[in-house]
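Participant: Provided below are the primary sequence and the corresponding predicted coordinates.
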Amino acid sequence: KVVVDQLVGAPIYIYTYYVITHFGKEYMSTASTNGAPDPSLLFRDTCDRATEMLPPTMLRHWTLWPAVHTLNFYYNPLHHRVLVQNLVLVGWSAYLSHLNNGGLLMTPEEEVEVAETVELHRRESIRHQHSTSHAEIHIKGTANTSPLATTAAASSSSDSR
């Protein structure tokens, strides 16, 4: 029963979730900006996207749910099992929503690489802002080039003539 659920039920559920939520989101956003989209074309694109996302999602599904069910059946009393499954399901549904709304499917190594790249860009941006602010302070400290000072200097020189 569990094997059939994991091999048949779960892929159908996840595929259907991706198709329905993505189709609805894209239909509403396209309709609000460009008028009514072609539903058959949008449905085909949505199905292609769901088919592409299904294998990596199923690998993550099979990493999480067998462990949850095993621990739940062996260690939780009968009256708490549904609660545990529902709590994990809330997190799983949030994860599916994240993926369906542009979240990335990456290996942990790829996630580390992306995080390092983002951190590197953040540090370079801070370093650039820091060097720019020092340059502005240096310029302001050596010569008063503000528009107000320039206007005042010009009017005082014209008054002395």
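Facilitator: Received the coordinates, thanks.
Participant: Quick one: residues contacting the residue nearest the centre of the chain.
Facilitator: Centre of the chain computed as the mean C-alpha position; nearest residue by CA atoms, centre = their mean is Gly103, 4.3 Å away. By CB atoms under 8 Å, 6 or more residues apart in numbering, Gly103 lies in contact with Tyr95. To be clear about C-beta, it is placed using only N, CA and C from the backbone, and glycine gets the same treatment.
Participant: before we move on, what SS does it have?
Facilitator: Secondary structure, DSSP: H, G, I helix; E, B strand; the rest coil: Gly103 is coil.
Participant: Would you mind measuring from it to Pro56?
Facilitator: 11 Å (CB to CB, to the nearest Å).
Participant: Tell me where this protein has strands.
Facilitator: Assigned strands in the chain: none (criterion: DSSP state E).
Participant: Okay, buried residues for the longest helix seen in the chain please.
Facilitator: Longest helix in the chain by number of residues (criterion: DSSP state H): helix 39-75. Across helix 39-75, burial judged by 16 or more other CB atoms under 10 Å covers Thr46, Arg49, Ala50, Met53, Thr57, Met58, His61, Trp65, His69, Asn72.
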